[in-house]
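Novice: A structural model of the following input is requested.
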Amino acid sequence: MPFIPITGVNHHYQNILFGFALMRDETEISYKWVLNTWLEAVGNKPPLTIITDQDIALGNAIAEILPDTKHILCSWHIKFVGKWEVLVDKYGLEDHVWLNDMYVIKDKWIRAYTKQHFSAGMTTTSRSESMNSFFDEYVKASTG
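Specialist: The predicted model follows:
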């Protein structure tokens, strides 16, 4: 279930949580519902600016529900894509199957895409792997 935080900056330049949503899916209709509901909750005062990733459904919802709000794309996400393209071109990796597969699932491993999701600061499975190693000492394939 996607978690959508609506955050901003107050007059002291401190982060502030204006709201959040748990969504069934990330479709345009769902984003419209979230934006409409949030807008109603804040007295129909739209933000001056909103920064998002390049999600087309979200962009379309913002254009319709918040037409006077300036929609900006996150430069961190765009910078990654640009650097990736330079790397692929520089080393002639356009047809590299593994790299192409990894790019398709970049939202699962690139910090620019995962930073908004809570993970208690963990970025590897090392805690799980060490637990597996511990149990491997006691549980073998022959254990009945």
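Novice: roughly how far is stretch 74-84 from the heart of the chain?
Specialist: 13 Å (Cα atoms, centre = their mean, to the nearest Å).
Novice: So which bits of it are buried?
Specialist: 77, 80, 84 (16 or more other Cβ atoms under 10 Å). Using the backbone N, CA and C atoms, a C-beta is placed for each residue, glycine as well.
Novice: Now do the end-to-end distance for stretch 103-114.
Specialist: For stretch 103-114, the separation between the terminal residues is 14 Å (Cα to Cα, to the nearest Å).
Novice: actually stretch 5-16, not the one I typed
Specialist: Comparing the first residue of stretch 5-16 with its last one, the separation is 10 Å (Cα to Cα).
Novice: In this structure, where is pLDDT below threshold?
Specialist: Confidence mapping of the chain against pLDDT under 70 gives the ranges 75-76, 78, 112-113, 115-136, 139-144.
Novice: how about the strands in it?
Specialist: In the chain, the strands defined using DSSP state E lie at 3-9, 15-22, 49-52, 70-73.
Novice: Give me the sheet partners of the second one and which way each runs.
Specialist: Read that as strand 15-22. The partner list of strand 15-22 in its sheet, established with DSSP bridges, is strand 3-9 (antiparallel).
Novice: Could you do the third one as well?
Specialist: Paired neighbours of strand 49-52 in the sheet (DSSP bridges): strand 70-73 (parallel).
Novice: For the strand it pairs with, output the C-alpha coordinates as PDB.
Specialist: Extracted in PDB, the C-alpha atoms of strand 70-73 (Å, rounded to 0.1, in the frame of the first residue of the first chain):
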ATOM      1  CA  LYS A  70       3.800  25.400  -9.800                       C
ATOM      2  CA  HIS A  71       4.700  21.700 -10.300                       C
ATOM      3  CA  ILE A  72       8.500  21.000 -10.200                       C
ATOM      4  CA  LEU A  73      10.200  17.700 -10.800                       C
END
